[in-house]
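> Return atomic coordinates for the entry below.
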Amino acid sequence: MLERQCPSCASLLDEEDLFCPNCGREAPLEEGDQDTAPRGPRPMVFKNRFTCQGCGAAMSYDASAQALRCPFCGSTELKSQPDGVSLTPKYVVPFEVTKDQARGLLYQRMRSGFFRPSDLVQRSAITEMMAVFVPYWIFSANTHTYWTADTSDVPFHARGEWRPLFGEQRHQHQAIKIVASKVLSWEESEGLGQYDLSRGVPPEQVDLDNVVVEQFAMPRKYARTHARQLIENAEKVYCANSLLRGRFRNLRVNVKIEQMRGEPILLPVWILAYRYRDRVYRFVVNGQTGRAYGAFPTSPWKVLLAVVLFLLAAVIVLALLAQLAG
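Numbering: from 1, shown residues only. Next up, the predicted model:
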């Protein structure tokens, strides 16, 4: 597979890029016939493709499944699609969390938390539970950052309260995870936490025909914009937490990004849906580490009790203060 790189910043270029999206330099031409030169992520033929009419998710379904149901919204209105091509993932991170373990994590979270309804476990019913390989882009890049700020860390006899600071730093950023799913939200993706990407295997070692695989819904050029923002935010946070002492203001960073690369991968996610009092909630589990994230109902009576106790405590405190003042 041939790949184009920007001659200025060495960032990876997509096939359709006429200019480097990182530094703006015109993309170089390939020697020979550039129209037929294979570049970028390789296409891969997916069978058993369906599009959910409820949430719009596009996926290749488990060929051995007895019934077809969308893992993201539970809809049975799935429209069959002809075999088509999608991006071939660079590697696939296998499932290590079993179905029983994922179900146990859901029940464990149902029992935790004061504001959960007391009958949540007894009256809820799991309506859908499915293992899904969710598409992601994983980015890496080198940065050279110049920063300026005002700090309150001034000499003892200084006349002013603020003095300017400036500096520069170089970093390597690895494993920047950008979800390429159409229906898995950013909050859910962040709630799943990190994956050990070193345990990924080539896609040829995973039977992708007999498992649910969501298709890539975000091209690399759009994911790259999100990755740049995360990198710039990380540089700013590093300056604030590691380089500046005391109070500071007017922190500015100018981040030069070099050798930016993005690779398509598939990550394992357990998606569970459960119904409680005629409402459906979604719960997701990291298929490798078991970290979970989901929505849960709250008991209005427990919320009311907490408010009453808070007001009662406030009244008692005010009465004690009034006695002390008198």
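> How is this protein divided into domains?
41-295, 302-326 (automatic domain parsing).
> which one of those domains lies closest to S11?
Closest to S11 of these, according to CB to CB: domain 41-295, at 4.1 Å. C-beta here means a position set from N, CA and C on the backbone, and glycine is covered the same way.
> got a list of what the residue lying closest to R49 once chain neighbours are set aside touches?
Computed as CB to CB, 6 or more residues apart in numbering, the closest residue to R49 that is not its neighbour in sequence is Q81, at 4.0 Å. Taking CB atoms under 8 Å, 6 or more residues apart in numbering, we find Q81 in contact with 49-51, 58.
> So which of the residues you listed is the closest to R163?
A58 (55.6 Å).
> Does the closest one touch L78 like I think?
No: between A58 and L78 there is no contact under CB atoms under 8 Å: 10.3 Å.
> which residues does V255 bridge with?
On the basis of DSSP bridges, V255 is bridged to T145.
> Surely it and E232 touch.
Yes: using CB under 8 Å, V255 is in contact with E232, at 4.9 Å.
> quick one: which of these two has more around it?
V255 (19 against 16; other CB atoms under 10 Å).
> In contact with that one: list those residues for me.
143-145, 231-232, 235 are the contacts of V255 under CB under 8 Å, 6+ apart.
> could I get these as CSV with pLDDT and distance to L13?
Shown next, in CSV, are the contacts of V255 (pLDDT from 0 to 100; distance: CB to CB, whole Å):
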residue, pLDDT, distance to L13
T143, 96, 19
H144, 96, 20
T145, 96, 23
I231, 96, 18
E232, 95, 21
E235, 96, 23
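> out of these, who's nearest A131?
Nearest to A131 among these is I231, at 31.4 Å by CB to CB.
> Please, which helix or strand holds L106?
helix 99-111 (DSSP states H and E).
> As a check, name the ranges of all strands in the stretch 101-250 of the chain.
125-151, 163-179, 212-214, 248-276 (DSSP state E, counting those that start in this stretch).
> Which one, of these, ends up nearest to H157?
Counting by CB to CB, H157 lies closest to strand 163-179 out of the strands of the stretch 101-250 of the chain; the figure is 12.8 Å.
> tilt between the closest one and strand 125-151?
160 degrees (axes from the mean of the first three to the mean of the last three CA atoms, to 10 degrees).
> partner strands of strand 163-179, parallel or antiparallel?
strand 125-151 (antiparallel).
> For the stretch 201-326 of the chain, which residues score under the pLDDT cut-off?
Scanning the stretch 201-326 of the chain for pLDDT under 70 picks out 326.
> switch the cut-off to 80
209-210, 325-326 (pLDDT under 80).
> mind listing what the closest residue in space to F114 that isn't next to it in sequence touches?
In space, and not counting its chain neighbours, F114 is closest to K302: 6.4 Å by CB to CB, 6+ apart. By CB under 8 Å, 6+ apart, the residues touching K302 are 114-115, 117.
> picking that back up, relative to C55, how far out is the residue nearest to R49?
With distances taken as CB to CB, to the nearest Å, Q81 is found 15 Å from C55.
> Same question for R275.
Counting by CB to CB - R275 and C55 are separated by 17 Å.
> Then E188?
For E188 relative to C55 (CB to CB), the value is 13 Å.
> more neighbours, the two?
E188 (20 against 14).
> for the stretch 51-200 of the chain, which spans come out with low pLDDT?
Looking at the stretch 51-200 of the chain by pLDDT under 80, you get 53-87.
> sorry, back to before: overlap in contacts, A58 and L78.
With CB under 8 Å, 6+ apart as the test, A58 and L78 both reach 50-52.
> Who wins on neighbours among those residues?
Top of the shared contacts of A58 and L78 by neighbour number is C52, holding 23 neighbours under the definition other CB under 10 Å.
> Show me what that residue bridges to in the sheet.
According to DSSP bridges, beta-bridge pairing links C52 with L78.
> If you tally nearby residues, what's the number for A58?
20.
> how near is it to R49?
As judged by CB to CB, A58 and R49 stand 7 Å apart.
> quick one, helices of the stretch 201-326 of the chain?
Secondary structure of the stretch 201-326 of the chain (DSSP state H, counting those that start in this stretch): helices located at 220-238, 300-325.
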